[in-house]
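K.L.:
Dropping a prediction and its sequence here:
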Amino acid sequence: METKKPRYGMAIDLEKCMGCHTCSISCKMQNNVPDGMLWNRVLTEGGGDNIDRAGGEYPHLEMNYRPVACMHCDNAPCIKVCPVGATYMDDNGRVLIDYDKCIGCRYCMAACPYKVRTFNWQEPERMTGFNYGDAEVPVRPKGVVEKCTFCKERTDQGLEPACVESCPSEARVFGDLNDPDSLVSKLIKSRTSERLLEHLGTEPKVHYLR
Ligand code: SF4
Ligand code: SF4
């Protein structure tokens, strides 16, 4: 019997996330993300239309947190607009970028409704000296677009993405959405879950749990 390849996705438990930004920093370290750029941001929710602000009236303020990185959309607008086929989906449902093909036109940045792509303005550099930066992760050339890869270099070896492994609240769960018995599938089914900007039809593979 033919077995389906894993289709990777993630669940993020908003009840557990405490906004510590550990996931942002571990992602930056793992992937050699240059200064001034983040692949994985943690936004503060609460201030009405202003997403990155606390809500309520002083002193009764309310803050919730929402980590945001690439959603690895099944119907990804970034793939559709790339004029050279540099952005593509691999066999495991990860949306990736071929840095050798990318011409830096930034159409994908304009098309991504989640604004999770960043343009690499800097000369390539591998961070060293602080025991961070994964040697397996390719150094991106100046002038290309980059973003979260679901830690391809780790997950190809059966490891969890750095953000999942480092989260002190265990708010993040990564796994195979094709497997109904995986923890990620079970959580999405059993809990109230939502995806960002679902009405756009992008079919994100990152689900938020309440
Ligand atoms: Fe939230 Fe975990 Fe990220 Fe901290 S590491 S901000 S708890 S998801
Ligand atoms: Fe593309 Fe943005 Fe969706 Fe990631 S979140 S797959 S960059 S459209």
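P.N.:
Sure thing, it's come through. Ligands and ions are numbered 1, 2, ... in the order given.
K.L.:
Point out the residues in the chain that sit beside ligand 2.
P.N.:
If contacts are counted using C-beta under 6 Å from any ligand atom, the residues of the chain sitting beside ligand 2 are 70-73, 76-78, 95, 112, 114, 116-117, 147, 202. The way it works is simple: take the backbone N, C-alpha and C, and place the C-beta from them, glycine included.
K.L.:
Of those, which belong to strands?
P.N.:
Using DSSP state E to define strands, the subset of the residues of the chain next to ligand 2 located there is residue 95.
K.L.:
Kindly reformat the residues of the chain next to ligand 2 as CSV and extend each row with distance to residue 87 and neighbour count.
P.N.:
Rendered in CSV, the data for the residues of the chain next to ligand 2 read as follows (distance: C-beta to C-beta, whole Å; neighbours: other C-beta atoms under 10 Å):
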residue, distance to residue 87, neighbour count
70, 11, 24
71, 14, 24
72, 11, 25
73, 11, 24
76, 8, 23
77, 10, 19
78, 5, 26
95, 7, 23
112, 10, 22
114, 14, 19
116, 12, 19
117, 9, 20
147, 9, 24
202, 14, 21
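K.L.:
wait, which of the residues of the chain next to ligand 2 is closest to residue 13?
P.N.:
Taking C-beta to C-beta as the measure, residue 13 sits nearest to residue 71 out of the residues of the chain next to ligand 2, at 16.3 Å.
K.L.:
and the gap between that closest one and residue 55?
P.N.:
Residue 71 sits 24 Å away from residue 55, going by C-beta to C-beta, to the nearest Å.
K.L.:
List phi and psi for residue 43.
P.N.:
phi -90, psi 150 (degrees, to the nearest 10).
K.L.:
rewinding a little: relative to residue 24, which of the residues of the chain next to ligand 2 is nearest.
P.N.:
residue 116 (12.1 Å).
K.L.:
wait, what's in contact with the closest one?
P.N.:
Residue 116 makes contacts with 39, 41, 68-71, 147-148, as judged by C-beta atoms under 8 Å, 6 or more residues apart in numbering.
K.L.:
Need the per-residue pLDDT for it.
P.N.:
Listed pLDDT for residue 116 reads 98.
K.L.:
which is the next helix or strand following the worst-scoring helix or strand of the chain on mean pLDDT?
P.N.:
Using mean pLDDT, DSSP states H and E, the weakest-scoring helix or strand in the chain turns out to be strand 55-57, at a mean of 81. Toward the C-terminus, strand 55-57 is succeeded by strand 60-62 as the next helix or strand (DSSP states H and E).
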